[in-house]
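Participant: what follows is a predicted protein model with its sequence.
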2 protein chains.
Amino acid sequence: MEFSEIVKARYATRSFDGRKVDDKLMDQLMEMVRLAPSSVNLQPWRIKVIHDAHTKQALLPHSWNQPQITSCSHLLVFCADTDLEARAKALYSKMKASGIPDEGVAGFAKMVDGLISSMPPEARLPWAQKQVYLAVANALNGAKSLGLDSCPMEGFIPAEYSKVLHLPAHLVPSVVVPVGYAADTPRPKVRFEKKDVFF
Amino acid sequence: MEFSEIVKARYATRSFDGRKVDDKLMDQLMEMVRLAPSSVNLQPWRIKVIHDAHTKQALLPHSWNQPQITSCSHLLVFCADTDLEARAKALYSKMKASGIPDEGVAGFAKMVDGLISSMPPEARLPWAQKQVYLAVANALNGAKSLGLDSCPMEGFIPAEYSKVLHLPAHLVPSVVVPVGYAADTPRPKVRFEKKDVFF
């Protein structure tokens, strides 16, 4: 499917038919998410993949009882990882292991360490969350490219999700994306005209 | 090109060859951006499209002199639109004009107005910016799907961009995306392993 078709066909699915998505398809979807871009390539995200009915049920009341949560096949909880220093160190190791020369990594690390240390504490979470939305976009478009449906959701209570999922404090649930096979049909897309968006 | 190939082939292009992208291709790219999802469909973004050399040159010193700014064909300045009330009103009108019954629009409006009024003033910009990143992702993937290259950039000074572009206060430059034809080649992608991303 061409990307121009994907962006037309993708829609926020409110109800799934409960069918399980094949593990191989889920692997392909995760690969698309894994390759998402992020500022200075820090990839400040971790994604909890939930497919058991018990956990979905436990999250339902903390998601305004929206039916996508329990009717989907897999629930992806996109968490912002606010431990930027740890993510940066892991990235530098990964770069070295990929064969990038030490001096190249050192120059990059100096720039990234500077960026992180210049960030006020309250700016970390929104910065990491913005990057998360790039990964979310790959999940939404990627799902459609694989014949799957999805729904981006901000309507949930992050602190309750953290409790149910036993998340460490540095991982902040930011967007929830149920994935599966739609049981509803798309409504016509309502978007602002080109002239009201571009100038 | 399949989406799985797009996410592999897309990369942050550091240098463009200066060729101009055809208007018809730019229209196709803008259409993909226009259809991006956003929370409650508010589309809190406006995108300044710059192709004249004079403006690019004026923005260069406010972009750490990164060569993408002047070597690209078109520079897309993604602005978060923080006048959420105005965007919401325009959306309700658009929904009515699309044939959605008044009572449906009224119910939706009540929910969205509640969301906006519950948002502390300092939360508006980051919330709008997060949505902007969904539109940015469509620009990056969309460009590659059209045979174009791009680069997501946070490295610029928003206040200086606002001055050069004479932007009203409610539009905040958030991400800059140069688009064009690459004059460089992609370096190998460095990403965390699946096990370090998904859990």
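Facilitator: The structure has been received and is ready for your questions.
Participant: report the angle between the helix ranked longest in chain A and helix B:121-145.
Facilitator: Across chain A, the longest stretch assigned as helix under DSSP state H is helix A:121-145. Orientation check (axes from the mean of the first three to the mean of the last three Cα atoms, to 10 degrees): helix A:121-145 against helix B:121-145 gives 40 degrees.
Participant: helix A:121-145 and chain B in contact?
Facilitator: Yes: using Cβ under 8 Å from any Cβ of the partner chain as the criterion, contacts between helix A:121-145 and chain B involve A:126, A:129-131, A:133-134, A:136-138, A:140-142, A:145. C-beta: built from backbone N, CA, C; applies to glycine.
Participant: let me know the closest of those to A:Ala12.
Facilitator: Relative to A:Ala12, the closest of the residues of helix A:121-145 next to chain B is A:Leu140; by Cβ to Cβ it sits at 8.8 Å.
Participant: wait, that closest one sits on A:Pro152?
Facilitator: Yes: the criterion here is Cβ atoms under 8 Å, and A:Leu140 meets it with A:Pro152 at 6.0 Å.
Participant: quick revisit: would you list the buried entries among the residues of helix A:121-145 next to chain B?
Facilitator: Buried members of these, scored by 16 or more other Cβ atoms under 10 Å in any protein chain shown, are A:126, A:129-131, A:133-134, A:136-138, A:140-142, A:145.
Participant: still on that earlier bit, any residues in contact with both of A:Leu140 and A:Pro152?
Facilitator: Taking Cβ atoms under 8 Å, 6 or more residues apart in numbering or on different chains as the criterion, A:Leu140 and A:Pro152 both touch A:177, B:37.
Participant: hmm, A:Ser162 is touching A:Pro173, no?
Facilitator: Yes: counting by Cβ under 8 Å, A:Pro173 is a contact partner of A:Ser162 at 6.3 Å.
Participant: next one: the spatially most central residue of chain A from A:Leu76, what distance?
Facilitator: Nearest residue to the geometric centre of chain A (Cα atoms, centre = their mean): A:Val136, 3.6 Å. Computed as Cβ to Cβ, to the nearest Å, the A:Val136 to A:Leu76 distance reads 9 Å.
Participant: spit out the residues that contact those two alike.
Facilitator: A:Val177.
Participant: residues in contact with A:Asn138?
Facilitator: If you count contacts by Cβ under 8 Å, 6+ apart, A:Asn138 has them with A:32-33, A:35-36, B:7, B:137, B:141.
Participant: which one of these sits in the busiest neighbourhood?
Facilitator: For the contacts of A:Asn138, the largest neighbour count, defined by other Cβ atoms under 10 Å in any protein chain shown, is 29 neighbours, found at B:Asn141.
Participant: per-residue confidence for it?
Facilitator: Looking at B:Asn141, its pLDDT reads 98.
Participant: you'd agree it is up against A:Phe3?
Facilitator: Yes: the pair B:Asn141 / A:Phe3 is scored as a contact, 6.0 Å apart, by Cβ under 8 Å.
Participant: shared neighbours, the two?
Facilitator: A:141, B:3, B:6, B:32.
Participant: now the closest residue to the first one other than its chain neighbours, what's its secondary structure?
Facilitator: Residue nearest to A:Asn141 in three dimensions, not counting chain neighbours: A:Ile6, with 5.2 Å by Cβ to Cβ, 6 or more residues apart in numbering or on different chains. Per DSSP: H, G, I helix; E, B strand; the rest coil, the secondary structure class of A:Ile6 is helix.
Participant: still on that earlier bit, out of the shared contacts of B:Asn141 and A:Phe3, flag the one nearest to A:His166.
Facilitator: Looking across the shared contacts of B:Asn141 and A:Phe3 and measuring by Cβ to Cβ, the closest to A:His166 is A:Asn141, at 30.4 Å.
Participant: mind listing the strands for chain A?
Facilitator: Taking DSSP state E as the criterion, chain A contains strands spanning A:45-50, A:74-81, A:149-150, A:171-180.
Participant: find the nearest non-adjacent residue to A:Lys48, please.
Facilitator: Excluding the flanking residues, the one nearest A:Lys48 by Cβ to Cβ, 6+ apart is A:Val77, at 4.1 Å.
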